[in-house]
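Q: what would the 3D arrangement of this be:
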Amino acid sequence: MRRGAGNNHYKRRNENAPVSAAQNQTNGYYAAIDLGTNSCRLVIAQPTPSSFHVVETFSKITRLGEGIINGNMLSKAAIRRTIAALKVCRGIIEEYNPIARMRFVATAACRRALNYKEFEQAVARETGLSMEVISSKEEARLAVVGCMPLLNRMLKRTLVFDIGGGSTEISLARITETGKTFIEGFVSIPYGVVTISEAFPGKDMTTLAYDTIVERTQKILQEFDEKHHIREGIENQEIQIIGTSGTVTVLGVVHLNLPRYNRAAVDGLAMSGEEVERVITRIKNMGHEGRCRHSCIGKQKADLTIAGCTIIEALCSFWPITEMTIADRGIREGILLDMMHHQKNNYFRKDGRYRRLFRKGYRNGDRKSGGD
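A: This next block holds a predicted model:
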């Protein structure tokens, strides 16, 4: 179900939906918030034998990092918008109390903001939520963990890129013979869809601006590529490429000519390098007005989508990518899988009752989970 309009998405659980035996045994709810430069996302889920079952999601574009490129400060308007969204998150989480475990993270905008402490205090005071600013390395790791269900276990390595609002995290993960996955290397590119669109304002990005971002991104990739021999691995078909972000999922929508977004059709979709190139060209040729009219892009994402395309084109023209897997999953899912893995078989107190981690204004009980 959708609550509100525009960019505000709220999906409630179906009280009459069947519950699995595993869910009955644990009945524990897990909550994750990913507070990015562009949007605030919440997910509440229950563990299953192999993964988790999502019972509720909330997403709202708040543009917390709006204007941060000018002085590295979060604006008062952006803070107000974000706190309003976090209040909704608190209300939703409260409906599922007690929560077995929760983790609320903030990324690039908060890492960069000189007035983050002021924002953190305002969030705690007005919502009771405690936010954790994570490093680029931890952000990259969580994106990989979130995308693990899409990994091709037949390949030795996986390259996961996550285009955020304020930065882009690229991780190289290796899969061992025993099936375990670890991060071999990562690089953080200091460009995201919000910062790019604000650096080059206007209804449509010029060719010069577009090419500038592509070139700057590729210069950063050069050292990362040489250190980990990524080009060679892709040429030898040893590396799977997975992309996660709003722009990446838009590529899937446009490629499939969907009239409205369909996660089941997009998540896990494999596109060839030629298909990615053709879709990016289509999005460019739409122009700003065309992107505004597109049912799955719209006015709020028109500038962000073209900004995201610069990063994707930089990757696909720098490396010989022949196939890219689209992921409608990432940090939130990574947080959930992390928490459930560490909390496995530990849902109950000694007296058999659920441990209540919602205390003192709904602060999250364990800020160390999944740290660097």
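
Q: can you give me the helices for this protein?
A: Ranges of helices in the chain, per DSSP state H, are 21-26, 76-95, 108-112, 116-127, 136-147, 193-199, 207-228, 230-235, 246-256, 263-266, 273-293, 298-318, 331-343.

Q: ok, and what's touching the second one?
A: Yep, that's helix 76-95 we're talking about. 10, 31, 33, 35, 40, 42, 44, 56, 58, 60, 62-67, 99, 102, 119, 122-123, 126-129, 358, 362 (Cβ atoms under 8 Å, 6 or more residues apart in numbering). C-betas here are computed from N, CA, C, even on glycine.

Q: need the contact list for Asn115.
A: Contacts of Asn115 (Cβ under 8 Å, 6+ apart): Met73, Leu74.

Q: again, but for Ile183
A: Applying Cβ under 8 Å, 6+ apart, the residues near Ile183 are Ala140, Arg141, Val144, Ser171, Leu172, Ala173.

Q: can you give me the neighbour number for the third one?
A: The one in question is Val144. 25 (other Cβ atoms under 10 Å).

Q: relative to Arg282, how far out is it?
A: 29 Å (Cβ to Cβ, to the nearest Å).

Q: lowest confidence element among the helices and strands of this protein?
A: helix 21-26 (a mean of 40; mean pLDDT, DSSP states H and E).

Q: can you pull out the low-pLDDT segments for the stretch 201-350 of the chain?
A: The stretch 201-350 of the chain contains residues with pLDDT under 70 at 343-350.

Q: Ile241 and Ala327 touch, don't they?
A: No. Using Cβ atoms under 8 Å, Ile241 is not in contact with Ala327, being 10.5 Å away.

Q: neighbour-wise, which of the two wins?
A: Each of Ile241 and Ala327 has its neighbours counted (other Cβ under 10 Å); Ala327 has more, 26 against 22.

Q: need the distance between the two termini of stretch 46-62.
A: 27 Å (Cα to Cα, to the nearest Å).

Q: which parts of that stretch are buried?
A: Judged by neighbour count using 16 or more other Cβ atoms under 10 Å, the buried positions of stretch 46-62 are Gln46, Pro47, Phe52, Val55, Glu56, Thr57, Phe58, Ser59, Lys60, Ile61, Thr62.

Q: hmm, back to that, among the helices of the chain, which comes closest to Gly164?
A: Across the helices of the chain, Gly164 has its closest neighbour in helix 108-112 (5.7 Å, Cβ to Cβ).

Q: what does the closest one rub up against?
A: For helix 108-112, using Cβ under 8 Å, 6+ apart, the contacting residues are 35-37, 64-65, 68, 72, 74, 116, 119-120, 131, 133, 135-136, 139, 164-167, 192, 194.

Q: weed out the non-buried ones from the residues you listed.
A: For the contacts of helix 108-112, a burial check counting by 16+ other Cβ under 10 Å picks out 35-37, 64-65, 68, 74, 116, 119-120, 131, 133, 136, 139, 164-167, 192, 194.

Q: just those residues: which are in strands?
A: Leu35, Val133 (DSSP state E).

Q: quick one: which of the contacts of Ile183 is most hemmed in?
A: So for these (other Cβ under 10 Å), the most neighbours sit at Ala140, 28 neighbours.

Q: isn't that one right next to Ser188, touching?
A: Yes. Counting by Cβ under 8 Å, Ala140 touches Ser188, with 7.0 Å between them.

Q: what do the two both touch?
A: Joint contacts of Ala140 and Ser188 (Cβ under 8 Å, 6+ apart) are Glu169, Ile170.

Q: residues in contact with Thr158?
A: Going by Cβ under 8 Å, 6+ apart, the list of residues near Thr158 reads Val144, Cys147, Leu151, Asn152, Leu172, Ala173, Ile175, Thr181, Ile239, Gln240, Ile241, Ile242.

Q: pull the most distant pair out of those residues.
A: Among the contacts of Thr158, the pair separated by the greatest distance (Cβ to Cβ) is Thr181 and Ile241, at 15.5 Å.

Q: ok, Phe161 - how many residues close by?
A: 23.

Q: excluding chain neighbours, what is closest to it?
A: Excluding the flanking residues, the one nearest Phe161 by Cβ to Cβ, 6 or more residues apart in numbering is Ile170, at 4.6 Å.
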